[in-house]
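**Student:** Sequence plus predicted model, see below.
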Amino acid sequence: MIYRITYLSDGLRVMAYIALPAGLEMTAGEMKNWLRRYFDDAQLTAEAVACIRTGAKDIAEAAMQAWHAKNNETAGNAADWKNTSASEAGERALDACGSQAKEYGSRRLPIEAAGTGSEQARISEDSRAEVGGNGQEARESARAWEIQAPDSYPVLVYCRGGIGRVGRVRLDWLAEFASFGHIVLAPCYRGGESGVGHDEFGGADLEDSRVAVRLARAIPGADPSRIAVLGFSRGSINATDAAIAEDASRLILWGGLSDLAVTYEERIDLRRMLKRVIRGSAYKLPDVYRERSPIDMAKRLDCPVLIMHGTEDTQVDYGHGERMYAELRRLGKSVTLARLEGLGHHMAQETRMRVLAEMFAWLEAKPQEP
């Protein structure tokens, strides 16, 4: 089930979504009462907006099995990610639960089971070795997936990209994340769907994602020792900050910008928005742009980091991922670079499931030594 909730951040009632994996049940009333007790605020809300079909878990498991099979093959037998297609049709991950979910109807995507063997895509030979490699580590990761305790679930805090209603939280993505056995919490940030405050692209809105991580640890059924934070696109700013401030166990940067000043130079179409929300250009306020850049925050990161970035990304250039990786390596941090060969900022759903299988396998694997 996926719920739309409100929670307190700097006294503001901001919005978020929580997706529960198969096997973990909580009614909207129970979630609402828990939120109100946690924040001591009787005005907080929780409502069911979508159901996650039980078959979604089977699809995620098929993707994990395909990942395991791929990691026992040679690189020469693997195909490019962008040229692969699913071997059989799957079923939709989401069912609408009442009128609240109708607005997402046109954007619900079919989740299809991943194939095996040479049909599977590859990140790159180096990345495969870092994510899990062939042989023993891949088998250990697969076993960790199989024996996960049903009464204690890892949590993924998903920091979305965009600003305002651009890049809003995708319910189909939450369903996919939850189908891999994780509780998912996705803050919407102030100023957008929340309808309160102003999104400052890494300013006061950072508190929204920090509180989300604290809330994630307290969700009934969550394992507080396994709190990963995922930042997509602009969400890399919020995710990196939250991982540092709240001592997350893992950080994932997916197509994430690493240097906001570079983004100002590269994305002429975003300059007007950036000057408005940050109250100045990268030339006028270089220190502010630097402080909001994950590459500047890197020195304060203590958890393992996975960087996933498409080589054909035209919205956030692949160079952002490479530079963040190089900086973390220079600092002696634990970091893995997943080079998504031939992929862009967004990708077909069946391809995304394979990327997610790589990501969740990395989450289950032992951290790599720096």
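**Tutor:** Everything's here; your move.

**Student:** Pull the distance from stretch 328-340 to the chain's centre.
**Tutor:** Averaged C-alpha coordinates place stretch 328-340 at 17 Å from its chain's average position (Cα atoms, centre = their mean, to the nearest Å).

**Student:** That stretch: which residues count as buried?
**Tutor:** Applying a neighbour-count criterion of 16 or more other Cβ atoms under 10 Å, one finds 328, 333-340 buried in stretch 328-340. All C-beta atoms are positioned from the backbone trio N, CA, C, and that covers glycine.

**Student:** which regions of this protein sit below the pLDDT cut-off?
**Tutor:** Applying pLDDT under 70 to the chain flags residues 54, 72-150, 368-370.

**Student:** Which stretches in it count as strands?
**Tutor:** Assigned by DSSP state E, the strands in the chain fall at 2-9, 12-19, 46-52, 94-96, 153-159, 183-187, 222-232, 250-254, 305-310, 335-340.

**Student:** so which of the buried residues of stretch 328-340 comes closest to Cys303?
**Tutor:** Nearest to Cys303 out of those is Ser334 (Cβ to Cβ; 7.7 Å).

**Student:** And the closest one, its phi and psi?
**Tutor:** phi -80, psi 110 (degrees, to the nearest 10).

**Student:** show me what contacts Glu322?
**Tutor:** Contacts for Glu322 (Cβ atoms under 8 Å, 6 or more residues apart in numbering) come out as 309, 337.

**Student:** now it: how far from Ile295?
**Tutor:** Per Cβ to Cβ, to the nearest Å, Glu322 is found 11 Å from Ile295.

**Student:** Same question for Arg214.
**Tutor:** Relative to Ile295, Arg214 is positioned 25 Å away (Cβ to Cβ).

**Student:** more crowded one of these two?
**Tutor:** Legend: neighbour count by other Cβ atoms under 10 Å for Arg214 and Ile295, higher for Ile295 (21 against 15).

**Student:** My read is that the more buried one contacts Ser258, right?
**Tutor:** Yes: contact criterion Cβ atoms under 8 Å: Ile295 and Ser258 qualify, at 4.4 Å.

**Student:** and for the two, which residues touch both?
**Tutor:** Here Ile295 and Ser258 have 323-324, 327 as joint contacts, going by Cβ under 8 Å, 6+ apart.

**Student:** and Tyr264, how many neighbours?
**Tutor:** Here the number of neighbours of Tyr264 (other Cβ under 10 Å) works out to 18.

**Student:** Can you tell me the closest non-neighbouring residue to it?
**Tutor:** Ala282 (4.0 Å; Cβ to Cβ, 6 or more residues apart in numbering).
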